[in-house]
Structure formats: C-alpha cells, structure tokens
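> Provide a 3D model corresponding to the input given below.
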Amino acid sequence: MGVLNPIFLLAGLAVAVPIYLHLFHRHQTRRLSFPALRYLARTERDHAKQIRLRQILLMLARVAALVLVVGAGARFYLSGRGGSHPPSAVVVILDNSMSSGLVVGEVRVLDELKALAGRTLDTATDEDRFWVVRAGEPWLPAIPGGAAEARVAVDETEASEAAGDLTAAIRRAVRLLSTSEIEHREIHLLSDLQRTAFELPGDRPAEDIPVVVRTGQATDLPNRALTGVVVGGGLPPLEGQGTEVTVTSLESASAADTVHVPVRLVVNERIRGAATLPPGAQATIAMPPAGAGWIRGYADADPDDLRSDDRRYFAYRSRAAPTVAVGGAPGVFVTEALAVLEGAGRVRTTPPGAAALLVADNGVGLDQRAANASTLVIPPADPTLLPALNRRLAEGGIPWSFEPAESTGETELTGAAIPAPLEDVRVRRRYELALVGDPPAPTRTLAEVESRPWAVEGTDVGARRYLLLASPLEADATSLPVSTGMLRFVDWIATVWSGAGGETTDLTTGQHLAAPGDATHVRFPSGAEVPIDGTRTVRGTGEAGFYTFFAADTVVWVVALNPPGVESSLQPLSEDDFESALGRSVFRVDDERDWERAVFRARQGPELWWSLIFAVLLLLLAEGLIASSGTGRIAESRARAEADAG
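Below is the predicted model:
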C-alpha cells in the first residue's frame with residue numbers, strides 16, 4: 001500500500017478531538033434529590049452499562065470516520081500488479097547481436113524481443129523516461145525520451161552481425177539511470193541470454209537497480225557455423241602464386257553430432273573449391289594463382305536457422321613482392337625476419353631511393369627516401385643517440401621526438417586500433433613519444449602503453465606515410481622480437497601497412513577500422529558510402545562483408561569483417577549465474593503473458609478514496625442510528641419511571 005498525498009496524513013491528529021471529549025469533557029452539574037425522581041435515577045443506573053457501551057461505540061465510529069476521511073484525502077492506494085505506476089526511469093536493453101537473428105520455429109528471436117519491448121511501452125505513461133540500448137550496436141547513442149521515441153528506436157532496430165556485451169550494456173544502463181532525477185528506476189533486459197555475452201564470474205553490474213528479464217527466450221539449439229577462414233596462413237599470396245584457404249567449423253556442444261557441413265569456396269564470385277567439415281574441424285582448400293589486383297572471396301556453408309555465421313569473408317591484394325630498404329642497423333631480429341621473407345620471395349631488398357618501405361634504425365636513411373615511400377622508424381637501444389634521431393626526424397618532416405621515459409615494468413600493449421601482429425605484445429622498456437608542433441596531417445595512435453603512445457602513424461610534409469615505435473626491437477625491450485608475431489609484423493609492415501598488399505587477418509564485426517592515409521570515403525557491405533572523418537577511424541561496423549576504401553574513385557583498400565565466433569555458441573546463461581551476471585535485484589519472467597505485470601516494479605494499484613468515503617457515510621449512518629436509539633431508550637425509561645412515581 002502507498003499514499004499519493006502524504007502531507008494530508010497530518011490531518012489524522014483530529015482523531016484526538018472525539019477521544020478528548022469522551023474521556024475528559026464532563027458537564028459539571030448540581031445534584032438535587034427529589035422523591036419523585038428516585039425511580040428515574042434507579043432506572044438510569046440499571047442502564048449505565050448500556051450507556052457506556054453506546055458512548056464507546058459512538059466514539060469509535062467518530063474516530064474511524066475521521067481516520068477514513070484522512071485516508072481518502074491522503075489518497076491511499078494498493079500496491080500490486082494492476083493499476084497505474086508512478087513516474088519511472090527505464091533503460092530497455094534490446095539484444096540485437098548476431099544470435100538474435102536465430103529463427104526458432106517460424107519466428108526470429110529479435111522480433112519476439114521487440115514485441116516484448118512494445119508491450120512495456122504500451123503500459124507507459126507520459127511521465128516515464130526511456131533509454132533504448134542496443135547491445136549489438138554499442139556505438140549508437142542512447143537518447144532519453146518518452147514512450148513514443150523509444151518505440152521508434154525499437155521498431156528501427158535490426159539484427160547486427162556483431163557480438164553483444166550484455167555486461168557492458170548493463171553498466172551503461174546504470175550510468176544512464178544515474179543521470180535521472182526520477183526516483184523509481186529499473187532495467188528491462190530483452191535478450192536470448194547467451195552465456196558468452198556476460199562476464200563470468202560477474203560482479204552484479206546492475207547493483208541494486210531492479211532488472212526485469214525475460215527468461216523464456218533462452219535457447220540452446222544446435223548450431224552449425226563457420227568460425228574461421230585464413231588465406232595463406234595469414235600472409236597474402238603474391239601475384240601469380242597459388243595459395244591455400246583454411247576453413248574452420250564450430251565445435252558442437254554434443255559429442256554425438258557428427259554431421260559434416262558442405263563448404264564452398266567462392267573467389268571473385270566464382271566457385272573455386274569445395275570440402276566437407278565435421279564439427280570443430282578444419283579443411284584446407286587450394287586456390288589457383290591470381291592476377292594483380294584485389295581478391296575478394298568467402299567460404300559458404302549450407303544455411304541453417306542462424307544464417308549470419310554460415311559465411312566467412314576474406315580479401316587481399318595480389319601483388320608483386322614489395323621492395324624494402326634498411327637504414328642503419330635495426331638489429332638481428334629485424335634482419336633475420338627480412339632474410340626469411342626475401343628467401344620466400346615475399347620482399348625484395350633495394351637501395352633506399354628505390355624502396356617502397358624504408359626500415360630506418362635511429363632514423364638513418366630518411367633523407368634518401370623515394371617520393372612515395374613509407375617509413376618504419378625504430379629507436380636506438382642507447383638513449384644517448386636520441387638527439388641524433390630527433391634531428392633526423394625534424395629534417396625529414398616527421399613532427400615527433402623521442403624522449404627518455406621512466407621504466408614502469410612489463411606492460412601489455414593496448415589500443416582500439418591495435419593491429420593484429422601487435423596483439424598480446426608486452427613492453428619492458430620504451431621511450432616517450434612527443435608531438436612537435438602542428439602535424440601536416442592528423443596522426444593516429446595504433447598501440448599504447450599505460451595510455452601513452454607506443455606506435456603512431458601519420459604522414460610527413462611530403463605526404464609520405466610513417467610508423468614510429470617507442471621501443472627498440474630488442475628482446476630486453478619488448479616481447480615482439482622473440483614471439484611468433486615478429487615475422488608477421490615485418491611482413492605486415494612490408495606488404496599490408498605500406499600499401500603493397502591486403503589484410504587477410506580474420507577481423508570481426510564491431511571493430512574499429514583504421515582508414516588508409518589517402519582514403520576519402522568507405523563503402524560498407526550494404527553499399528552505403530561514408531566519408532572518412534578527422535579521426536581516420538571507421539566505426540559502426542556491424543555488417544559482415546567487404547569494407548572498401550576509396551581515394552576519390554580509386555580503390556585503395558579492402559577489408560573483410562566477419563561475425564565473432566563466440567556469437568555462434570547459443571548456450572544460455574546458467575541458473576546459478578543470474579545474480580552475479582545481472583545484479584542483486586533480478587525479476588525473472590518465464591511466461592511472456594506475465595510481462596506487463598512484472599515491469600514497473602513500483603506499480604500503483606487502484607486508489608481507495610471512493611471506498612473510504614463510502615465507508616465514512618456508512619459509519620455516519622451507523623453513528624446516527626446508535627445515537628438515536630440511545631435517546632429513545634432513555635425517553636422511554638423516563639416515561640415509565642414517571643408513570644410509576646405517579
């Protein structure tokens with residue numbers, strides 16, 4: 001039970017009036033004895049108990065009437081599942097990640113979730129405030145609004161092909177609700193409750209905010225999917241060379257599932273090979289040599305109830321071996337990596353003036369670069385050589401300087417745009433990279449150490465691309481030289497980063513893409529074209545397929561994005577993990593018919609004022625009857641006593 005006008009409860013003090021009158025207010029009378037009235041006095045004494053009882057009843061009736069009037073004025077109501085609700089701030093988390101595209105029976109999971117969100121909005125009032133958070137598109141803003149605006153956002157939501165991080169979505173919802181001044185707050189989680197979408201073990205991200213979650217959509221259906229496709233082991237083939245494509249299928253949750261999945265390899269819209277894959281296996285399909293240019297392809301399996309994970313894309317540029325020059329002495333690790341790549345025919349070493357890429361140790365050779373060459377600058381291991389390096393950078397038009405930095409121990413590289421060869425690399429010793437003056441073009445940090453730049457790229461005054469590393473490529477400075485990623489890094493620098501080749505790494509939807517330095521716009525898989533902004537970063541990559549970068553009308557880059565493999569695992573959240581994964585106050589709805597009664601937890605039932613007023617009228621009527629019956633009995637007794645006395 002609740003009250004809408006609590007200040008009126010102060011009027012309840014009026015009940016003291018009839019109590020005071022009954023207990024303390026007595027008429028002071030003078031007692032005289034008349035012989036004729038002795039019988040009347042005796043009669044009244046006989047009825048004293050009845051009179052006291054009647055007075056108590058009258059007092060209780062008057063007190064109860066006052067209490068009911070106060071309750072009607074204070075507007076008491078019943079709390080329950082019916083009726084209206086006070087103004088509420090609600091975040092609707094709509095899980096439109098790739099798994100929401102699963103078709104169960106003849107209905108898509110996302111359509112059921114949207115219908116449930118619509119039922120929430122049907123019971124909303126004009127005083128409610130809503131945010132719609134799309135878990136599969138976290139880059140989209142959540143704009144506060146009323147039920148009408150929220151309904152538009154829900155209706156426009158379509159299944160993304162990116163992963164959904166529901167733990168991050170719940171934390172975001174808590175931050176949004178903290179900005180609201182409305183007292184009553186809650187989160188409506190509409191999801192298939194995929195286990196991989198939560199951080200486990202969780203830390204109750206919703207805290208004490210009520211979370212209403214529909215558990216009936218949780219599905220654990222068998223799913224067959226392709227989870228990986230790799231061209232040439234991760235290194236793009238050269239022009240005129242054949243290569244291999246390795247395709248990986250999803251491991252089945254059931255050991256009894258041994259059904260083989262037919263897979264077709266399509267390259268530039270032509271079928272180039274086929275294989276069959278049991279669950280959790282790999283198949284290698286040979287691909288014939290290709291001419292120069294961009295190669296687009298995909299591995300395709302027979303469609304099932306979740307279509308988005310039945311195809312994996314790849315793209316690379318078939319090209320001649322890039323030319324590389326070395327300035328200074330970059331160390332044994334770089335030298336050996338270049339020797340291996342040259343022995344495999346993947347690079348050709350030339351003088352600096354004829355090279356497409358210059359590997360400049362301590363900045364040596366910057367003054368000899370070709371007009372269109374790219375540069376990798378590696379700092380020296382000896383910090384006393386930094387002044388010479390900074391002088392060469394300034395003369396070469398690169399607006400950065402290297403400064404000594406205090407050692408902070410071993411730290412892993414981070415960054416939203418970190419390239420695949422630098423993932424999991426740890427840094428033990430580094431220099432500080434400082435921007436000098438205004439750069440001729442926007443720069444971008446690819447990798448960071450403790451929020452400080454470690455790998456930065458940009459273009460110099462001659463519009464030549466450069467990449468600076470904050471650590472020497474020595475074993476005591478970073479783990480890269482002694483890792484399996486060293487060869488990939490050097491090959492990436494020589495081919496992909498310098499613009500000679502293409503990216504064959506299995507990038508996933510939802511990742512930010514770094515735009516090439518000369519790109520002006522990008523074409524999404526849907527065909528939409530978006531200009532490149534000042535950050536040189538492409539966001540909102542929720543579609544699987546090919547992202548084509550253009551410089552005017554010329555294709556300069558093609559990147560293939562695929563759905564995350566974790567989205568193909570449909571195992572739901574376990575019963576034991578609900579509280580830790582969601583919050584302390586979780587309300588689970590097993591039957592969608594109970595949804596309207598479960599949401600808006602501070603629900604207000606019907607007001608009681610009309611029934612209280614009716615009860616007051618009944619009490620006043622009863623009080624009148626009691627009072628009149630008492631007067632009649634006294635008059636009758638007096639008349640009988642007078643008759644006896646006469």
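
> Okay, buried residues for stretch 484-495 please.
Applying a neighbour-count criterion of 16 or more other C-beta atoms under 10 Å, the buried positions in stretch 484-495 are 485-495. C-beta: built from backbone N, CA, C; applies to glycine.

> Where helices are concerned, which of those residues count?
Counted as lying in helices by DSSP state H, out of the buried residues of stretch 484-495, are 485-491.

> For the residue lying closest to Glu158 once chain neighbours are set aside, give me its contacts.
Computed as C-beta to C-beta, 6 or more residues apart in numbering, the closest residue to Glu158 that is not its neighbour in sequence is Asn96, at 6.8 Å. Asn96 makes contacts with 110, 113, 134-137, 157-160, 164, as judged by C-beta atoms under 8 Å, 6 or more residues apart in numbering.

> how about a cut-off of 7 Å?
Asn96 is in contact with 110, 134-137, 157-160, counting by C-beta atoms under 7 Å, 6 or more residues apart in numbering.

> and it, helix, strand or coil?
The local conformation at Asn96, judged by DSSP: H, G, I helix; E, B strand; the rest coil, is coil.

> what about the residue positioned nearest the centre of the chain, which helix or strand?
Nearest to the geometric centre of the chain sits Ala169, at 2.9 Å (C-alpha atoms, centre = their mean). Secondary structure from DSSP states H and E places Ala169 in helix 166-178.

> Show me the contact partners of that helix.
Here helix 166-178 makes contact (C-beta under 7 Å, 6+ apart) with 89, 91, 93, 95, 131, 133, 135, 138, 142, 185, 187, 191, 197-199, 202, 205-207, 209, 582.

> Would you mind checking those residues for buried ones?
89, 91, 93, 95, 131, 133, 135, 138, 142, 185, 187, 191, 197-198, 202, 205-206, 209, 582.

> now the helix holding Ala169: mean pLDDT?
Taken as a whole, helix 166-178 has a mean pLDDT of 96.

> next helix or strand past that helix?
Sequence-wise, the next helix or strand downstream of helix 166-178 (DSSP H and E) is strand 184-190.

> between the buried residues of stretch 484-495, which is nearest Pro288?
Pro288 has its nearest neighbour among the buried residues of stretch 484-495 in Thr495, at 20.5 Å by C-beta to C-beta.

> surely the closest one meets Ala321?
No: taking contacts as C-beta atoms under 7 Å, Thr495 lies outside contact range of Ala321: 8.6 Å.

> what sits in contact with each of the two?
When C-beta under 7 Å, 6+ apart defines a contact, no residue borders Thr495 and Ala321 alike.

> For the stretch 451-600 of the chain, which segments are assigned as strands?
Counting by DSSP state E, counting those that start in this stretch, the stretch 451-600 of the chain has strands at residues 452-459, 465-469, 507-508, 513-514, 521-523, 529-531, 537-538, 545-551, 554-562, 586-589.

> Figure out which of the ones you listed is closest to Ala124.
For these, the distance to Ala124 is smallest for strand 586-589, at 17.1 Å, taking C-beta to C-beta.

> what's the spacing between that closest one and its chain's center?
Its chain's C-alpha centre and that of strand 586-589 lie 20 Å apart, by C-alpha atoms, centre = their mean, to the nearest Å.

> Likewise for stretch 188-205?
Worked out by C-alpha atoms, centre = their mean, stretch 188-205 lies 10 Å from the chain centre.

> Quickly list the domain ranges of the chain.
2-80+606-645, 88-221+580-602, 223-319+503-569, 323-500 (automatic domain parsing).

> Gly280 and Glu251 touch, don't they?
Yes: here Gly280 reaches Glu251: they are 3.2 Å apart, a contact under C-beta under 7 Å.

> more neighbours, these two?
A direct count of neighbours by other C-beta atoms under 10 Å for Gly280 and Glu251 places Glu251 higher, at 15 against 12.

> give the contact list for the more buried one.
Glu251 neighbours (C-beta under 7 Å, 6+ apart): 279-280.

> Checking my notes, it in a helix, right?
No: secondary structure of Glu251 (three-state DSSP): coil, not part of a helix.

> Find me the pLDDT at it, would you?
Listed pLDDT for Glu251 reads 85.

> Likewise for the one 10 residues further on?
Reading off the confidence values, Val261 has pLDDT 85.

> Could I get the phi/psi values of it?
phi -100, psi 120 (degrees, to the nearest 10).

> Beta-bridge partners for it, please?
Leu277 (DSSP bridges).

> From Thr248, how far off is it?
Separation of Val261 from Thr248 (C-beta to C-beta, to the nearest Å): 11 Å.

> what's the answer for Ala321, then?
29 Å.

> do Ala470 as well
For Ala470, the distance to Thr248 - C-beta to C-beta - is 35 Å.

> Please identify which of those two sits among more neighbours.
Ala470 (24 against 20).

> picking that back up, from the buried ones among the contacts of helix 166-178, which land in strands?
89, 91, 93, 131, 133, 185, 187 (DSSP state E).

> for the stretch 1-150 of the chain, what are the low-confidence residue spans?
Within the stretch 1-150 of the chain, the ranges that satisfy pLDDT under 70 run 1-9, 11-12, 14-15, 20-21, 23-51, 73-83.

> can you pull out the helices in it?
16-23, 38-46, 48-74, 109-122, 147-155 (DSSP state H, counting those that start in this stretch).

> got the angle for the fourth one vs strand 88-94?
Orientation check (axes from the mean of the first three to the mean of the last three C-alpha atoms, to 10 degrees): helix 109-122 against strand 88-94 gives 170 degrees.

> show me where pLDDT drops low in the stretch 501-646 of the chain?
501-506, 603-610, 629-646.

> ok, and the closest non-adjacent residue to Ala615?
Spatial nearest neighbour of Ala615, excluding adjacent residues (C-beta to C-beta, 6+ apart): Leu68 at 5.2 Å.

> Quick one: residues contacting the one you found.
612, 615-616.

> Also Thr520?
531-532, 550-552.

> Any of the residues you listed buried? List them.
532, 550.

> Just give me the closest of the contacts of Thr520 to Arg523.
Phe550 (6.9 Å).

> State the distance from that closest one to Pro531.
Taken as C-beta to C-beta, the span from Phe550 to Pro531 is 10 Å.

> what's the overlap in contacts for those two?
With C-beta under 7 Å, 6+ apart as the test, Phe550 and Pro531 both reach 520-521.

> Just give me the neighbour total for the nearest residue to Arg151 once chain neighbours are set aside.
Counting by C-beta to C-beta, 6+ apart, Leu121 is the residue found nearest to Arg151 once chain neighbours are left out, at 5.1 Å. If you count neighbours by other C-beta under 10 Å, Leu121 ends up with 20.

> Could you export the contacts of Leu68 as a markdown table, including distance to Asn390?
Below are the contacts of Leu68 laid out as a markdown table (distance: C-beta to C-beta, whole Å):
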| residue | distance to Asn390 |
| --- | --- |
| Leu612 | 85 |
| Ala615 | 90 |
| Val616 | 90 |
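
> Pull the number of nearby residues for the residue nearest to Tyr466 when sequence neighbours are not counted.
The spatial neighbour of Tyr466 that comes closest, neighbours along the chain excluded (C-beta to C-beta, 6+ apart), is Thr375 at 4.5 Å. For Thr375, the neighbour count with other C-beta under 10 Å is 25.

> Identify the bridge partners of Thr375.
So, taking DSSP bridges as the rule, Thr375 has Leu358, Tyr466 as bridge partners.

> and the gap between it and Glu199?
41 Å.

> Next: Arg601.
Counting by C-beta to C-beta - Arg601 and Glu199 are separated by 25 Å.
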